[in-house]
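**Q** Pasted the sequence and its predicted model underneath.
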Amino acid sequence: MSEALRQALARVATSMGADGVDFVVERPKDAGHGDVATNLAMVLAKVQKAPPRAIAARVIEALDLPAGVVEKTEIAGPGFINFWLASDELGNSLRAVIDAGPRYGAHDFGKGIRVNIEFVSANPTGPLHVGHGRGGALGDGIAALLAWTGHQVTREFYINDAGVQIDRVGQSLWARVQEAVGRPFAIPEGGYHGDYLKENAAQILAREGRAFADLPEAEGVRRCRALALVMQREEQDHDLASFGVRYDVMTSEQAFYDRGAIPATLALLESRGLTFERDGALWFRTTDFGDDQDRVLRKSDGSYTYFLPDIVYHVDKHERGFDRVIDVWGADHHGYIPRVRAALRALGYPDEFFDVSVVQLVKVLRGGAEVKMSKRSGEFVTLRDLVEEVGPDAARYFFLMRRGDAQLNFDLDLATSQTDENPVFYVQMAHARVSGIFRVAGVAPDSATADVRLDALPAPEDRELLKKLTAFPDVTARAARDREPHKITGYLEELARLTHGWYHKCRVLGEPPEVERARLALARATRIVLANGLTLLGLTAPDRM
RNA sequence: GCGCCCGUAGCUCAGGUGGAUAGAGCAUCAGCCUUCUAAGCUGAGGGUCGUAGGUUCGAAUCCUACCGGGCGCACCA
């Protein structure tokens, strides 16, 4: 509805000789400033060198709007123009919510844009930790936002199954197998000490028999390597699934080696003159493309650095036809961004092709003190422990409620509390309460129709709640554009607060028939928006709690 | 030393591409209340937006320097 207003204002700007000026049409924070406001007059004042308030008067004079949209206009403060929308307009917005239903808040501005979002991509060397959980929630949340705004989204997990880390897991697991049959054993230098490998060793012996431990060491290690890979990947998938995260594509690093993509890409880089040799190693001239130093692709011992397969991987994504790729990385990898960006720039990809969302550390707190580790991993809190303790909804919500690039305190006491201090509980409770109205009335929410008289919503709380509902599409658009799911949780908490207040103040059932009908429609619309926000973030919207 | 992120109320944090008196929750204080599901509701106090400059009609927001915290600066992955 503010779009029509924006266009009308743009026409005025053009007629006043300021075609294409950049001005804002917004919902004022303060209800005393109307339903919609613009700074157009102040922007024009700069161009026209005239007092903003005088310009504002001329803008209002020239404004050509259809009848029945705006009820009142005023000039305020330094030169803002505030608009109060007519009641029919609010009635229309109630209808818009109910008509769109589960699609209310969706957009199509991303139509035709193919986006690949890769997240978690944990090494298959052990359990996932809470940082992976945050990456999973954020990646999945961004993916959902992009899908909600019409983008064609692929969720992807990259398996680092080719490096030395996985070799060490194989050696460590073989050591655990030896330990399990009572022989001397040693976890190798740089190996993995967590208890989970003892569990895996026991599983292998149970399945393959004790003779497995008698294999020649080289073969035993090789088989352990393959088995560990499968077992750890299964565990990770299980943990992610129990957390509500699923992938469209799993990509194996090893597969790039197997099909010869590594030397092929290397040859491409060399043929384009992007490389040089120094000290027996082959370097990528990334400084020519914005990096602060050149980077090694092939070490002097002939093996590749991790950088090269990573370039190959991004080239692969490009060749698969994606317009954009978004990588969700932990903060400890942020220094890696410039070199990857430089490499892709060198290959001629547009800068907007590649972007990284960085997730900062998660600090887990219980009783105000930091929880440092869980027994099974031996060194960190696992995602599994966290989800088992607080449940998938609270886990996801807490991971999403802060912007990704700020550190997060995950308060276990708060996440498990059944009070309104717990934001997940508070938002879900709002949905349950509104649902409860229909349960008590003995009617389905869908039976409440939008053909109601708006003046049958007499309380200020009615109007405030309705206005908040109409803001949801803007919130989803901004959250998607900025890739910030926390904007949704913040909105949901505000909406839940208004919903609880409305619920408390405004009775629905037993009111005069006109009012009851109108409030049932408002309750239905509120339920729709709360549910859409929650499901968008991968959370449940319970009808009772 | 260099780079990235962060610094907003006692605490945890929001603050559209610069806009109107900087917001919310918790905590504190003062009243009220027990109702379609929560021990709930209403109000109050509390801020030099890390510091100092700059840009502008206007800066928490943009620029510069500095201070404090986190992370990263491999022929590791």
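**A** Structure received. Please read all numbers here as calculations on a predicted model, not as lab measurements.
**Q** what's the longest helix in chain A?
**A** helix A:217-242 (DSSP state H).
**Q** do the helix or strand that that helix is followed by and RNA strand B meet at all?
**A** From helix A:217-242 onward toward the C-terminus, using DSSP states H and E, the following helix or strand is strand A:249-252. No - using CB under 7 Å from any atom of the strand, strand A:249-252 stays clear of RNA strand B, with a minimum separation of 13.0 Å. Where C-beta positions appear, they are placed from N, C-alpha and C, glycine not excepted.
**Q** Now do strand A:249-252: which elements does it pack against?
**A** On a contact count with 3 or more CB pairs under 8 Å, 6 or more residues apart in numbering; DSSP states H and E, strand A:249-252 meets strand A:152-159.
**Q** does RNA strand B sit close to the strand it packs on?
**A** No - between strand A:152-159 and RNA strand B, judged by CB under 7 Å from any atom of the strand, nothing touches; the nearest distance is 11.1 Å.
**Q** for the helix or strand following that strand, packing partners?
**A** Heading C-terminal from strand A:152-159, the first helix or strand you meet, by DSSP H and E, is helix A:164-180. Packing partners of helix A:164-180 (3+ CB pairs under 8 Å, 6+ apart): helix A:196-208, helix A:217-242.
**Q** Now do the buried residues in helix A:164-180.
**A** Of the residues in helix A:164-180, those buried by neighbour count under the rule 16 or more other CB atoms under 10 Å are A:165-180.
**Q** sorry, back to before: so the longest helix of chain A versus strand A:152-159, what angle?
**A** Orientation check (axes from the mean of the first three to the mean of the last three CA atoms, to 10 degrees): helix A:217-242 against strand A:152-159 gives 150 degrees.
**Q** what packs against helix A:217-242?
**A** helix A:164-180, helix A:196-208, helix A:383-390.
**Q** if you set the cut-off to 6 Å instead, what comes out?
**A** Using 3 or more CB pairs under 6 Å, 6 or more residues apart in numbering; DSSP states H and E, the elements in contact with helix A:217-242 are helix A:164-180, helix A:383-390.
**Q** Buried by neighbour count: which residues of it qualify?
**A** Result for helix A:217-242 [16+ other CB under 10 Å]: buried residues A:220-221, A:223-225, A:227-229, A:231-233, A:235-236, A:239-240.
**Q** What average pLDDT does that helix get?
**A** The average pLDDT for helix A:217-242 rounds to 95.
**Q** okay, the angle between it and helix A:164-180?
**A** 110 degrees.
**Q** For stretch A:363-377, report the contacting residues that lie outside it.
**A** Contacting residues not belonging to stretch A:363-377 are listed as A:127, A:130, A:194-196, A:379-382, A:385, A:409-412 [CB atoms under 6 Å, 6 or more residues apart in numbering].
**Q** For residue A:113, state which of those is nearest.
**A** residue A:130 (31.8 Å; CB to CB).
**Q** Tell me who's in contact with the closest one.
**A** By CB under 6 Å, 6+ apart, the contact list for residue A:130 reads A:362, A:364, A:381, A:383, A:386.
**Q** Alpha carbons of the helix or strand where residue A:518 lies, as CSV, please.
**A** When secondary structure is defined by DSSP H and E, residue A:518 falls within helix A:513-536. Extracted C-alpha coordinates of helix A:513-536, given in CSV (Å, rounded to 0.1, in the frame of the first residue of the first chain):
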residue,chain,number,x,y,z
PRO,A,513,-21.4,-10.0,17.1
GLU,A,514,-19.8,-7.4,14.9
VAL,A,515,-16.8,-7.0,17.3
GLU,A,516,-16.5,-10.8,17.8
ARG,A,517,-16.4,-11.4,14.0
ALA,A,518,-13.9,-8.6,13.5
ARG,A,519,-11.6,-9.8,16.3
LEU,A,520,-11.8,-13.4,15.1
ALA,A,521,-10.6,-12.2,11.7
LEU,A,522,-7.8,-10.3,13.4
ALA,A,523,-6.9,-13.4,15.5
ARG,A,524,-6.8,-15.4,12.4
ALA,A,525,-4.5,-13.0,10.7
THR,A,526,-2.3,-12.8,13.7
ARG,A,527,-2.1,-16.5,13.9
ILE,A,528,-1.1,-16.6,10.2
VAL,A,529,1.8,-14.1,10.6
LEU,A,530,3.1,-15.8,13.8
ALA,A,531,3.0,-19.2,12.1
ASN,A,532,4.6,-17.9,8.9
GLY,A,533,7.5,-16.3,10.9
LEU,A,534,8.1,-19.4,13.0
THR,A,535,7.9,-21.9,10.1
LEU,A,536,10.1,-19.7,8.0
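**Q** That one: how far from the chain's middle?
**A** Taking CA atoms, centre = their mean, to the nearest Å, one finds the center of helix A:513-536 at 26 Å from the center of the full chain.
**Q** Show me what that helix is packed against.
**A** Helix A:513-536 packs on helix A:87-100, helix A:423-441, helix A:486-505, going by 3+ CB pairs under 6 Å, 6+ apart.
**Q** ok, and does the next helix or strand along the chain from the first one reach over to RNA strand B?
**A** Sequence-wise, the next helix or strand downstream of helix A:87-100 (DSSP H and E) is strand A:114-118. No - residues of strand A:114-118 contacting RNA strand B under CB under 7 Å from any atom of the strand: none, with a closest distance of 14.9 Å.
**Q** now the angle between strand A:152-159 and strand A:114-118, please.
**A** 30 degrees.
**Q** so how far is strand A:114-118 off the chain centroid?
**A** 12 Å.
**Q** try stretch A:32-52
**A** On the basis of CA atoms, centre = their mean, the separation between the geometric centre of stretch A:32-52 and that of its chain is 35 Å.
**Q** List the buried residues in that stretch.
**A** Of the residues in stretch A:32-52, A:33-45, A:48, A:52 count as buried by neighbour count, 16+ other CB under 10 Å.
**Q** Nearest to residue A:28, out of the contacts of residue A:130: which one, please.
**A** Nearest member of these to residue A:28, counting by CB to CB, is residue A:362, at 35.8 Å.
**Q** how deep is the closest one tucked in, by neighbour count?
**A** Residues near residue A:362, counting by other CB atoms under 10 Å, number 22.
**Q** ok, so what distance separates it from residue A:278?
**A** Using CB to CB, to the nearest Å, we find residue A:362 at a distance of 40 Å from residue A:278.
**Q** tell me which of the buried residues of helix A:164-180 is nearest to RNA strand B?
**A** Using CB to the nearest atom of the strand, residue A:165 comes nearest to RNA strand B of the buried residues of helix A:164-180, at 4.4 Å.
**Q** follow-up on the earlier one: least confident of the buried residues of stretch A:32-52?
**A** Looking at those by pLDDT, the weakest one is residue A:48, with 74.
**Q** Remind me what the helix or strand harbouring residue A:468 packs against, helices and strands.
**A** According to DSSP H and E, residue A:468 maps onto helix A:460-470. Judged by 3+ CB pairs under 6 Å, 6+ apart, the packing partners of helix A:460-470 are helix A:87-100, helix A:486-505.
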